[in-house]
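Enquirer: Dropping the sequence and predicted coords here.
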Number of protein chains: 2
Amino acid sequence: MDKQISQAVIRRLPRYYRYLGELLDDGVERISSNDLSKRMHVTASQIRQDLNNFGGFGQQGYGYNVAYLHDEIGNILGVNETHNVIVIGAGNLGQAIAGYVKFERVGFKIIGLFDTNPELDGKMVRDLPIRMLDELPDFIKNNDVEIAALTLPKANAKSTALKLVSLGVHAIWNFAHVDLDDIPDVVIENVHLSDSLMQLSYNITKQNK
Amino acid sequence: MDKQISQAVIRRLPRYYRYLGELLDDGVERISSNDLSKRMHVTASQIRQDLNNFGGFGQQGYGYNVAYLHDEIGNILGVNETHNVIVIGAGNLGQAIAGYVKFERVGFKIIGLFDTNPELDGKMVRDLPIRMLDELPDFIKNNDVEIAALTLPKANAKSTALKLVSLGVHAIWNFAHVDLDDIPDVVIENVHLSDSLMQLSYNITKQNK
DNA sequence: AAAAGTTTGTCAACAAATTAACAATTTATA
DNA sequence: TATAAATTGTTAATTTGTTGACAAACTTTT
């Protein structure tokens, strides 16, 4: 058992989830892989192949029930449970991420915001106080922190990540532009805005040739 | 000619560029694909294969000259020229992106920040005034705007993107969580933070099984 | 100056991912 | 209720991407 699912498939799941959510909002009850493929600009075959990694959610001659499939993918992604999140680095990006998780993302709850700058100590960002980094050990001990978003300069990212892991944080959502992939016992998701912007730049440059 | 380079390769280029930049900062003069592969945790074969899509930058028996290769990849990515950027949506994320591009990314210059909320009109974000969206046509006419970062609610994303394209913007860096891939004559780079967080969630959930 | 050691660029082999095809099954229609 | 149409799950074929291998070319050592 425990067939290994490729990251290529995992990367597509949130997109399916998003489209199914929209269909749900639009009151669509059922959809075939063919119809969905047209909306999403992917092949129907890929949709069926992807979904079948996790089980047979459809029915021949009928298609997929939108509400059911949406919920099932939600389960697979783990967004039907709540994950507590703290943000390390209360700069612009940190505050933006904190606000984003708070207002937009069900399944995630933002419970703490930390920084090293003493001038920010106690300052409220919406209804969360900015705390100093030395409060981290106690805070994590007293709260069930699952995910830490790292929105701080790359110089401090690695050491902070190691500290977080040693304190019991299971997952890091890394916005610092440095790779954090050789840390054991933790799940890392890198968001390299820098890389993304360069990819855009490449595609512009290519087009102008 | 004009061999099509796969997106898999393009996605790796910024990472090479980043590592080469660090080597450069550390004063390293030359590096072999083998040494680089160990640092980056990829195969040497992949590095050589990737680079050779664009030309023979190395030399047998010697390896790659760090400064030269860094510069060449910079050229390929188009980050050795300056691209003007405007940000549409002056919320937290918009301000964070504006600040990020301004202070961190050479090759990109942030020249405008727009919003629809009249209360924000004229407010300064660092040294940039927030402008109203109806100033866009004139602004774009008078400035060489290449990239627009979209940091606004998804409801307005598509229509705003279409408007931007009709005004002559070539590229969109899209942070709204909606796909903007069926717009012609424009290069789109989607940054779906939402998808990224769900991938993280999946990997946590998977690990707990 | 010759020999030994490195390391690239590239071709070939292999692996992974995507797409196509279709039998089995269900739904819809007559 | 029988027939036609639709659509999945799954296997097979194809395409794409990655890794291995090695001759050719360069660098370093003796």
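Expert: On my side now, so go ahead.
Enquirer: Show me where chain A has its strands.
Expert: Ranges of strands within chain A are A:30-31, A:58-59, A:63-65, A:83-88, A:108-115, A:124-125, A:128-132, A:147-150, A:171-174, A:187-190, based on DSSP state E.
Enquirer: quick one: the fourth one to strand A:108-115, angle?
Expert: Computed by axes from the mean of the first three to the mean of the last three Cα atoms, to 10 degrees, the angle separating strand A:83-88 from strand A:108-115 equals 20 degrees.
Enquirer: Can you list the residue ranges for helices in chain A?
Expert: A:7-25, A:33-40, A:44-51, A:66-77, A:92-104, A:136-142, A:154-166, A:193-207 (DSSP state H).
Enquirer: Can you convert these into a markdown table and add a column each for distance to DNA strand D?
Expert: Just so you know, the C-beta spots here come from the backbone N, C-alpha and C atoms, and that holds for glycine as well. As requested, the helices of chain A are arranged in a markdown table below (distance: least, Cβ to the nearest atom of the strand, whole Å):
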| stretch | distance to DNA strand D |
| --- | --- |
| helix A:7-25 | 9 |
| helix A:33-40 | 4 |
| helix A:44-51 | 4 |
| helix A:66-77 | 10 |
| helix A:92-104 | 29 |
| helix A:136-142 | 36 |
| helix A:154-166 | 24 |
| helix A:193-207 | 14 |
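Enquirer: Mind checking these for the one nearest to B:Lys123?
Expert: helix A:92-104 (14.8 Å; Cβ to Cβ).
Enquirer: For chain B, tell me whether stretch A:76-83 is touching it.
Expert: Yes: counting by Cβ under 8 Å from any Cβ of the partner chain, chain B has neighbours in stretch A:76-83: A:76-79, A:83.
Enquirer: pLDDT below threshold where in chain A?
Expert: A:1-3, A:209 (pLDDT under 70).
Enquirer: Check it for the residue nearest DNA strand C and tell me.
Expert: As assessed by Cβ to the nearest atom of the strand, DNA strand C sits closest to A:Gly61 within chain A, at 2.2 Å.
Enquirer: between the residues of stretch A:76-83 next to chain B, which is nearest A:Ile31?
Expert: A:Ile76 (17.8 Å).
Enquirer: Touching, the closest one and A:Phe54? I think so.
Expert: Yes: counting by Cβ atoms under 8 Å, A:Ile76 touches A:Phe54, with 5.5 Å between them.
Enquirer: Name the residue in these two with the higher neighbour count.
Expert: For the pair A:Ile76 and A:Phe54, the greater number of neighbours falls to A:Ile76 (23 against 15), based on other Cβ atoms under 10 Å in any protein chain shown.
Enquirer: right, so the strands of chain A: which one is the most enclosed?
Expert: Greatest average neighbour count among the strands of chain A goes to strand A:147-150 (a mean of 27), per mean count of other Cβ atoms under 10 Å in any protein chain shown.
Enquirer: A:Ser32 versus the residue of chain A closest to DNA strand C, what's the distance?
Expert: 10 Å (Cβ to Cβ, to the nearest Å).
Enquirer: Settle it for me: which of these two has more neighbours?
Expert: Neighbours per residue (other Cβ under 10 Å) separate A:Gly61 from A:Ser32, with A:Ser32 holding more: 16 against 6.
Enquirer: That one touches A:Tyr64, doesn't it?
Expert: Yes: with contact defined as Cβ under 8 Å, A:Ser32 reaches A:Tyr64; the gap is 7.3 Å.
Enquirer: Could you find the closest non-adjacent residue to A:Leu128?
Expert: A:Leu113 (4.9 Å; Cβ to Cβ, 6 or more residues apart in numbering or on different chains).
Enquirer: Identify the residues contacting A:Arg48.
Expert: A:Arg48 makes contact with A:33, A:58, according to Cβ atoms under 8 Å, 6 or more residues apart in numbering or on different chains.
Enquirer: What of A:Asn190?
Expert: A:174, A:179-181.
Enquirer: Among the residues you listed, which one has the most neighbours?
Expert: Busiest of the contacts of A:Asn190 [other Cβ under 10 Å] is A:Asn174, holding 25 neighbours.
Enquirer: Hmm, that one is touching A:Val187, no?
Expert: No: contact criterion Cβ under 8 Å: A:Asn174 and A:Val187 do not qualify, at 10.6 Å.
Enquirer: Put together CSV for the strands of chain A, with distance to B:Tyr68 on each row.
Expert: As requested, the strands of chain A are exported to CSV (distance: least, Cβ to Cβ, whole Å):
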stretch, distance to B:Tyr68
strand A:30-31, 53
strand A:58-59, 54
strand A:63-65, 53
strand A:83-88, 37
strand A:108-115, 40
strand A:124-125, 45
strand A:128-132, 45
strand A:147-150, 33
strand A:171-174, 30
strand A:187-190, 28
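Enquirer: Report the contact partners of the residue nearest to A:Leu128.
Expert: Per Cβ under 8 Å, 6+ apart, neighbours of A:Leu113: A:86-87, A:90, A:94-95, A:98, A:125, A:128-131.
Enquirer: make it 7 Å
Expert: By Cβ atoms under 7 Å, 6 or more residues apart in numbering or on different chains, the residues touching A:Leu113 are A:87, A:90, A:94, A:98, A:125, A:128, A:130-131.
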